[in-house]
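Enquirer: Got a predicted structure here, sequence first:
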Protein chains: 2
Amino acid sequence: MNPTELRVFCPATIANLSCGFDVLGLALEGVGDYMTLRLSEQPGVRITRISGGSLPLEAERNVAGVAAQALLRVSGYGGGVEMEIEKHILPGSGIGSSAASAAGAVWGLNTLLGNPFTLTELTGFAASGEALASGAPHADNVAPALFGGITLIRSYTPLDIARVHCPPLLHAVVLHPQIELKTSDSRSLLKKTITLQQGIRQWGNVGGLITGLFTEDYDLISRSLEDGIVEPVRSLLIPGFGKLKEAALQAGALGFGISGSGPSVFALTRGAQPARQVGEALKEAYGPLGIPFNLYVSAVSPQGVRPAETGQNDQIA
Amino acid sequence: MNPTELRVFCPATIANLSCGFDVLGLALEGVGDYMTLRLSEQPGVRITRISGGSLPLEAERNVAGVAAQALLRVSGYGGGVEMEIEKHILPGSGIGSSAASAAGAVWGLNTLLGNPFTLTELTGFAASGEALASGAPHADNVAPALFGGITLIRSYTPLDIARVHCPPLLHAVVLHPQIELKTSDSRSLLKKTITLQQGIRQWGNVGGLITGLFTEDYDLISRSLEDGIVEPVRSLLIPGFGKLKEAALQAGALGFGISGSGPSVFALTRGAQPARQVGEALKEAYGPLGIPFNLYVSAVSPQGVRPAETGQNDQIA
């Protein structure tokens, strides 16, 4: 017998990783939401409670609801599901708040139904929830939220996802400035075309980053964390971006960029101690701007959504 | 004491590998040129003999000469070098004929001088020879010709080259239709801009190919051997391209594309026997067109330019 109720931890995620726009992402260890899911005989999806954020309870207006509906529709299951969501990742932060909810909903529901679907299929359901948040069915946050570690979306049509090796020392630092920046606005800033030369440089860096991850060559990882296409445009929306980048790199970060569509920014480091140092440098650099912010220092989580007892929240500022 | 004379084997190479335009390449095991290099007290580069192709003997008009001059200029060596070149790779074939000569010249000269330069530095010298052939200092053939195996050029400025893991079963089949197609013409066909969506798909595939190579996931390699940017344009210049691609894939190739800027085409396979089958299928498909062609079936060479006794030429048709 499968359990009929389950509490899950849904990790926050960093999408893009500089050069890997729309294709790369990683799961954070200590930052995430919780969800409780309960099978019910009543068909459909009901969100009974949301704490920690003012999000719609109506299933069809909530990313977790839409994702769960997409799964239920093809599952053949005659009943429905009730969900409670405990948000810890602030909506609009750029570390996969909606993706965590969508991923948690489909992973939890799939587990309660006896695992009829693969992780790639779950990613597809969750991406249809994400479409509600960003206007397009993006999967670069839901893929790492479901698979854990570092993921590559090779293709969206058809959806094709691969795990990339994560060197054990890799850590992430995230600074979330509390300003509002909508994913859909942030996307509309991007030009629809790039030069072939920009493209060559970008896929050279994607290749370099993935090669560096597999060979655990932190210098190559560092050199590859470069984005000449999206960062120059989107960083203009993030007050203090240049100052933060300089501070992170001077404090020893391997690289620094925008997390997803922002406004959060991230740094990667070789080790936990360098991550704390970079975190301190970012705090010091950002303090004078007077913009409230949250700071997270985290390992990369080898697991995606999982039963709740192994989750935790390590916000340090 | 270093020897003062050396005979080297210079492997043919496949650049681009479908999705990896200008950044990926691999070295072939059994196809290549030979060069003999001899230090001399007379400063400068002299090409004393070229067999197998009508190429200029004047150093400044020959890619091997220009590459060797580039190295000599910064080496501090007071003398010069004499070179004999035995071409087996037809110039203009698209499997790195000029790159093999440039790579052989700098590798051989570096060895005779006691290895003062790194492989990346040698790639830079050889690329300056390549500029003579293609109008731009490309390194996607010289990098695999020097490093061996599968190489990634993460960046051209500065030059940054990484080795990518090559699964042991990977084999290549190359069909060279004997038509003339100049690299510089083939480049001028390309549009200077691409859509962001094309870029995302391309760097997703580059990421997928490299992930598949490191994890030895031949299915992922196969799915990633896709090029929506260059192949649709350049394939129009290669008579029978569509027919050959269909035949290769039906015969079990992992993927099929244009080798470098063509006119050679290549297929990758999982194993030597499938490579021979694909070779037979390509012969059968191309015969009726009445265009003379050469066909090569080869493992990936783990080594780049090397002392000559280990080289060989395996042309089978």
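Expert: Received the coordinates, thanks. Numbers count the residues shown, from 1 in each chain, chains lettered A, B, ... in the order given.
Enquirer: Can you get me a residue count around the residue of the stretch 201-317 of chain A found nearest chain B?
Expert: Residue of the stretch 201-317 of chain A nearest chain B, by CB to the nearest CB: A:G208 (3.4 Å). C-beta here means a position set from N, CA and C on the backbone, and glycine is covered the same way. A count of neighbours around A:G208, defined by other CB atoms under 10 Å in any protein chain shown, yields 29.
Enquirer: what does the one 3 residues further on give?
Expert: The burial count assigned to A:T211 is 25, neighbours taken as other CB under 10 Å.
Enquirer: Surely it is in a helix?
Expert: Yes - assessed with DSSP: H, G, I helix; E, B strand; the rest coil, A:T211 lies in a helix.
Enquirer: can you pull the contacts of it?
Expert: The contact partners of A:T211, by CB atoms under 8 Å, 6 or more residues apart in numbering or on different chains, come to A:217, A:220, A:224, B:152, B:154, B:162-164, B:210, B:214.
Enquirer: try 7 Å
Expert: A:T211 makes contact with A:220, B:152, B:162, B:164, B:210 under the criterion CB atoms under 7 Å, 6 or more residues apart in numbering or on different chains.
Enquirer: Identify each buried residue in stretch A:36-49, please.
Expert: Residues of stretch A:36-49 classed as buried: A:36-39, A:45-47 (neighbour count, 16 or more other CB atoms under 10 Å in any protein chain shown).
Enquirer: Name the surrounding residues that touch that stretch.
Expert: Against stretch A:36-49 from outside (CB under 7 Å, 6+ apart): A:4-7, A:57, A:59, A:62, A:64-65, A:68-69, A:72, A:78-85, A:108-109, A:112.
Enquirer: quick one, what contacts A:F147?
Expert: Contacts of A:F147 (CB under 7 Å, 6+ apart): A:119, A:161, A:163, A:304.
Enquirer: returning to that earlier point: would you turn the contacts of A:T211 into TSV with distance to B:L244, pLDDT and secondary structure?
Expert: Formatted as TSV, the contacts of A:T211 follow (distance: CB to CB, whole Å; pLDDT from 0 to 100; DSSP: H, G, I helix; E, B strand; the rest coil):
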residue	distance to B:L244	pLDDT	secondary structure
A:L220	36	98	helix
B:L152	27	98	strand
B:A162	31	98	strand
B:V164	26	98	strand
B:I210	26	98	helix
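Enquirer: Now render the residues you listed as JSON lines, adding neighbour count.
Expert: Converted to JSON lines, the contacts of A:T211 look like this (neighbours: other CB atoms under 10 Å in any protein chain shown):
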{"residue": "A:L220", "neighbour count": "22"}
{"residue": "B:L152", "neighbour count": "32"}
{"residue": "B:A162", "neighbour count": "24"}
{"residue": "B:V164", "neighbour count": "24"}
{"residue": "B:I210", "neighbour count": "33"}
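Enquirer: wouldn't A:S301 be in contact with A:A27 here?
Expert: Yes - counting by CB atoms under 7 Å, A:S301 touches A:A27, with 4.2 Å between them.
Enquirer: out of the two, which sits in the more crowded spot?
Expert: A:A27 (34 against 26).
Enquirer: Where does the more buried one sit: helix, strand or coil?
Expert: Recorded secondary structure, A:A27: strand (three-state DSSP).
Enquirer: Kindly report the residues of the stretch 51-200 of chain A close to chain B.
Expert: A:152-155, A:160, A:162, A:164, A:190-196, A:199-200 (CB under 7 Å from any CB of the partner chain).
Enquirer: Please enumerate the helices of the stretch 101-250 of chain A.
Expert: Taking DSSP state H, counting those that start in this stretch, the helices of the stretch 101-250 of chain A run over residues A:119-134, A:142-147, A:183-188, A:196-215, A:218-224, A:231-234, A:241-250.
Enquirer: what's the closest of those helices to B:G240?
Expert: For the helices of the stretch 101-250 of chain A, the distance to B:G240 is smallest for helix A:196-215, at 26.6 Å, taking CB to CB.
Enquirer: buried stuff in that closest one?
Expert: A:196, A:198-215.
Enquirer: same thing with stretch A:278-290?
Expert: So stretch A:278-290, judged by 16+ other CB under 10 Å, has buried residues A:278-282, A:285-286.
Enquirer: And the residues of the stretch 51-200 of chain A next to chain B, which is closest to A:S264?
Expert: Using CB to CB, A:L190 comes nearest to A:S264 of those, at 17.8 Å.
Enquirer: ok now do the residue of the stretch 51-200 of chain A found nearest chain B, which residues does it touch?
Expert: Per CB to the nearest CB, A:R154 is where the stretch 51-200 of chain A lies closest to chain B, at 3.4 Å. By CB under 7 Å, 6+ apart, the contact set of A:R154 is A:160, A:162, B:204-205, B:207-208, B:223-224.
Enquirer: ok, and the closest non-adjacent residue to it?
Expert: The shortest distance from A:R154 to any non-neighbouring residue, by CB to CB, 6 or more residues apart in numbering or on different chains, is to B:G208 (3.4 Å).
Enquirer: Could you do A:R276 as well?
Expert: Leaving out its chain neighbours, the residue that sits closest to A:R276 by CB to CB, 6+ apart is A:V297, at 5.8 Å.
Enquirer: So what touches the helix or strand encompassing that neighbour?
Expert: Here A:V297, judged by DSSP states H and E, is contained in strand A:293-299. Applying CB under 7 Å, 6+ apart, the contact partners of strand A:293-299 are A:28-31, A:171-178, A:272, A:275-276, A:279, A:282-283, A:286, A:314-317.
Enquirer: Looking at the contacts of A:F147, point me to the pair that's furthest apart.
Expert: A:I161 and A:G304, at 11.3 Å, using CB to CB across these.
Enquirer: who's the nearest residue to A:G207 once chain neighbours are set aside bridged to?
Expert: Excluding its sequence neighbours, the residue lying closest to A:G207 (CB to CB, 6+ apart) is B:L152, at 4.6 Å. Per DSSP bridges, the residues bridged to B:L152 are B:L24, B:A162.
Enquirer: doesn't A:V206 make contact with B:L152?
Expert: No - if you go by CB under 7 Å, B:L152 and A:V206 don't touch, sitting 9.9 Å apart.
Enquirer: picking up where we left off before, name all residues that make contact with the residue nearest to A:R154.
Expert: A:152, A:154, A:162, B:220, B:223-224.
Enquirer: With A:T120 instead?
Expert: A:159, A:161.
Enquirer: sec struct for A:E82, please.
Expert: Recorded secondary structure, A:E82: strand (three-state DSSP).
Enquirer: ok, the nearest residue to it once chain neighbours are set aside to chain B distance?
Expert: Distances taken as CB to CB, 6+ apart place A:R38 nearest to A:E82, at 4.5 Å, with adjacent residues excluded. Using CB to the nearest CB, to the nearest Å, one gets 37 Å for the distance from A:R38 to chain B.
Enquirer: who's A:R38 bridged to?
Expert: Note on A:R38: beta-bridge partners A:E5, A:E82, judged by DSSP bridges.
Enquirer: any weak-confidence spans in the stretch 51-200 of chain A?
Expert: Counting by pLDDT under 70, the low-confidence segments of the stretch 51-200 of chain A come to A:135, A:182-184.
Enquirer: Going along the chain, name the strands of it.
Expert: A:80-86, A:150-155, A:160-164, A:170-177, A:193-195 (DSSP state E, counting those that start in this stretch).
Enquirer: and the fourth one, C-alpha only, in CSV?
Expert: Extracted C-alpha coordinates of strand A:170-177, given in CSV (Å, rounded to 0.1, in the frame of the first residue of the first chain):
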residue,chain,number,x,y,z
LEU,A,170,31.0,23.1,-5.4
HIS,A,171,29.0,25.6,-3.3
ALA,A,172,26.6,28.3,-4.1
VAL,A,173,25.9,31.7,-2.6
VAL,A,174,22.7,33.5,-3.4
LEU,A,175,21.9,37.1,-2.6
HIS,A,176,18.2,38.0,-3.0
PRO,A,177,17.7,41.8,-3.1
